[in-house]
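In: quick check, what structure comes out for this input:
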Amino acid sequence: MTRAIPAALHHTCFLVRNLEETAQHLSDALGIGPWNIWTITPAESRVHGQVSPFSFRVALTTVGGGTFELIAPHSGRSVFEEHLDKHGEGFHHTCLVYPSLEAVREAKTELRRQGRELIQEGSAGDVFDFGYFLFPEIGSVVEVLYLDAAKLPPPEAVIVATSDPVGAE
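Out: Alright, predicted model coming up:
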């Protein structure tokens, strides 16, 4: 079997409790943005192997060639809430994006074959499919993702800087 290869490092994610407030603070302090915000509700979802409907709010902004992601739990039980309860706000995962739905599903199958723990997954048909795997050797989670961004609805909200970055003259 040929191993599916990710197309790129897609984003670095931080979990927060107040998505809009955090995006606004980062935008004002660092001059990054705009932040596009969506509520994501996977059609199919599992947490620790059990069917468990959940939704989350996500804010994304591009910085140079990379993407910065903020996530806040919205409804249902998820690893996002578990992480916030145990560790508080902060870094959660990096994400590798795959070029096709088939490729990300192959990657998920291979990681499970390797004995990697799949702690959460979700999909919405041909729009997105993701899985969060524990990687103890780096003390973190790695997300594998397929996303057809052209099929996403417009953002629910957009946050931009309200002032010059802190310390700007």
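In: ranges for the strands of this protein?
Out: For the chain, the strands defined by DSSP state E cover 8-15, 35-40, 44-47, 50-51, 54-63, 66-76, 90-97, 118-124, 128-135, 140-147, 157-159.
In: adjacent strands (with direction) for the first one?
Out: In the sheet, strand 8-15 lines up against strand 66-76 (parallel), strand 90-97 (antiparallel) (DSSP bridges).
In: quick check: which of these is nearest to residue 30?
Out: strand 66-76 (9.3 Å; C-beta to C-beta). Placement of C-beta: from N, CA and C, glycine included.
In: what sits up against the closest one?
Out: 9-19, 22-23, 26, 32, 35, 39, 41, 45, 52-62, 80-81, 84, 92, 95 (C-beta atoms under 8 Å, 6 or more residues apart in numbering).
In: what do you get if the cut-off is 7 Å, keeping everything else the same?
Out: If you take C-beta atoms under 7 Å, 6 or more residues apart in numbering as the criterion, strand 66-76 is touched by 10-19, 22-23, 32, 39, 52-61, 80-81.
In: chain center to it: distance?
Out: Remark: strand 66-76 is offset 6 Å from the chain centroid, using C-alpha atoms, centre = their mean, to the nearest Å.
In: are any of the contacts of strand 66-76 buried, and which?
Out: For those, a neighbour count by 16 or more other C-beta atoms under 10 Å gives the buried set as 10-11, 13-16, 19, 22-23, 32, 53-54, 56-61, 80-81.
In: what bridges to residue 47?
Out: residue 50, residue 120.
In: just residue 142 next, same as before
Out: Beta-bridge partners for residue 142, by DSSP bridges, are residue 94, residue 133.
In: could you shift the numbering so residue one becomes 7, and keep it that way?
Out: All right, first residue 7 from here; so that's residue 148.
In: and residue 28, what is it in contact with?
Out: Counted by C-beta under 7 Å, 6+ apart, residue 28 has contacts 22, 76.
In: what do you get for residue 167?
Out: 33, 34, 37, 39.
In: that one and residue 23, how far apart?
Out: As judged by C-beta to C-beta, to the nearest Å, residue 167 and residue 23 stand 21 Å apart.
In: look at the nearest residue to residue 138 once chain neighbours are set aside and say how many residues are nearby.
Out: With C-beta to C-beta, 6 or more residues apart in numbering as the criterion, residue 138 has its nearest non-adjacent residue at 4.5 Å, and that residue is residue 126. Other residues near residue 126 number 23, with proximity taken as other C-beta atoms under 10 Å.
In: tell me who's in contact with residue 126.
Out: Going by C-beta under 7 Å, 6+ apart, the list of residues near residue 126 reads 52, 53, 84, 85, 138.
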